[in-house]
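here you go, sequence then predicted model.
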Amino acid sequence: MPFTSRRGSTRRAGRRQRGAAAVEFAMVLVPLLLILFGMIDWGYYLYLRAVVTNVAKAGARAGSLNPTIAIARPAARSAARAYLTDAGITATAQVTNPPPPPGGVCVQIVLPTRSITGFTPFPNMLPANTSALACMRLEP
């Protein structure tokens, strides 16, 4: 029985395996990138939500330290705007009267949400606005 070399067929099989690996990688890459970009966008949204909540609380706290509503509202608005400026965020800060009983101040922050990656897999994946409302009573 003559001895035959299988070396040539082994090389061909190796090339086919490399091509299959490239196809498998291409198939896995798309969902992997969608998950990665989704994680980045949601992480940024949750960061903005935490900042907006803290700004609303800080503004309401600054307003509650004043004895009257006439002084408390401008103090709350300026404190909220200062915190927004420090955070590098452009948002709307509104100071309103709290629900009954009277004698407090409410700060509402509204920030339009945007994608940080510029590539969100679904158009309505993130909420349109990030908002927070904080109310505190005036301290005597």
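Received it, and whenever you're ready, just let me know what you need.

could you use CA atoms for every contact and neighbour count after this?
Noted.

now Trp42: phi and psi?
Backbone geometry at Trp42, expressed as degrees, to the nearest 10, gives phi -70, psi -40.

give me the neighbour count for it.
When neighbours are counted by other C-alpha atoms under 10 Å, Trp42 registers 17.

for the chain, which segments count as strands?
Remark: strands assigned in the chain by DSSP state E are 92-96, 104-112, 129-137.

winner for burial among these?
Each of the strands of the chain was scored by mean neighbour count; the highest is strand 104-112, a mean of 22, by mean count of other C-alpha atoms under 10 Å.

elements contacting that strand?
Based on contacts counted as 3 or more C-alpha pairs under 8 Å, 6 or more residues apart in numbering; DSSP states H and E, the elements that strand 104-112 packs against are helix 7-64, helix 69-87, strand 92-96, strand 129-137.

quick revisit: make JSON lines from the strands of the chain and add mean pLDDT and distance to Ala60 to it.
Output for these, formatted as JSON lines (pLDDT from 0 to 100; distance: least, C-alpha to C-alpha, whole Å):
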{"stretch": "strand 92-96", "mean pLDDT": "90", "distance to Ala60": "8"}
{"stretch": "strand 104-112", "mean pLDDT": "93", "distance to Ala60": "6"}
{"stretch": "strand 129-137", "mean pLDDT": "93", "distance to Ala60": "6"}
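
who wins for proximity to Tyr47 among those strands?
Closest of those to Tyr47 is strand 129-137, at 10.4 Å (criterion: C-alpha to C-alpha).

now do that closest one: which elements does it pack against?
helix 7-64, strand 104-112.

out of these, which is the most enclosed?
It is strand 104-112: most buried of the helices and strands packed on strand 129-137 by mean count of other C-alpha under 10 Å, with a mean of 22.

that one to strand 129-137, inter-axis angle?
Per axes from the mean of the first three to the mean of the last three C-alpha atoms, to 10 degrees, the angle that strand 104-112 makes with strand 129-137 is 170 degrees.

what lies in contact with strand 104-112?
With C-alpha atoms under 8 Å, 6 or more residues apart in numbering as the test, strand 104-112 has contacts from 52-53, 55-57, 59-60, 63-64, 69, 72-73, 76-77, 80, 90-98, 128-138.
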